[in-house]
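Q: Pasting the sequence and the predicted model now:
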Amino acid sequence: MIDLDRFDFEVECPKCSFATKIFYRDARLRDVLICRGCKANIQLNDHMNECRKARRQFHTVMQELENAIAKLNNITIRL
């Protein structure tokens, strides 16, 4: 299964707007990051556990995809 914690993306510092790369894991765990531009502390906030909900939806969709692919393996083509 794909490890979402290793996906990275950029967020802007609320003080200086400098883009800082974070990992999904950082957002999920509500880590405090240091802006590389102004050195301010950035407290990540997973408002209403959106990371957990997105992770659950992702795993559900991946399971559905695996099931659909498994069904395709049972197709017989006759010529």
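A: Arrived safely.

Q: List the contacts of residue 8.
A: 21-24 (Cβ atoms under 8 Å, 6 or more residues apart in numbering). Where you see a C-beta, it was placed from the backbone N, CA and C, and this is true even at glycine.

Q: Would you mind checking those for buried ones?
A: 22, 24 (16 or more other Cβ atoms under 10 Å).

Q: In strands, which of the contacts of residue 8 fall?
A: 21-23 (DSSP state E).

Q: one step back: could I get the contacts of residue 8 in JSON lines, plus columns for distance to residue 69 and pLDDT?
A: As requested, the contacts of residue 8 are arranged in JSON lines below (distance: Cβ to Cβ, whole Å; pLDDT from 0 to 100):
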{"residue": "21", "distance to residue 69": "32", "pLDDT": "91"}
{"residue": "22", "distance to residue 69": "32", "pLDDT": "93"}
{"residue": "23", "distance to residue 69": "28", "pLDDT": "93"}
{"residue": "24", "distance to residue 69": "25", "pLDDT": "92"}
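
Q: Save the contacts of residue 8 as JSON lines, and put in distance to residue 34 too.
A: Listed next are the contacts of residue 8 as JSON lines, based on distance: Cβ to Cβ, whole Å:
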{"residue": "21", "distance to residue 34": "12"}
{"residue": "22", "distance to residue 34": "11"}
{"residue": "23", "distance to residue 34": "15"}
{"residue": "24", "distance to residue 34": "18"}
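
Q: which helices and strands sit right next to the lowest-mean-pLDDT helix or strand in the chain?
A: Across the helices and strands of the chain, mean confidence by mean pLDDT, DSSP states H and E is lowest for helix 50-72: a mean of 89. Packing contacts for helix 50-72, counted by 3 or more Cβ pairs under 8 Å, 6 or more residues apart in numbering; DSSP states H and E, involve helix 24-28.
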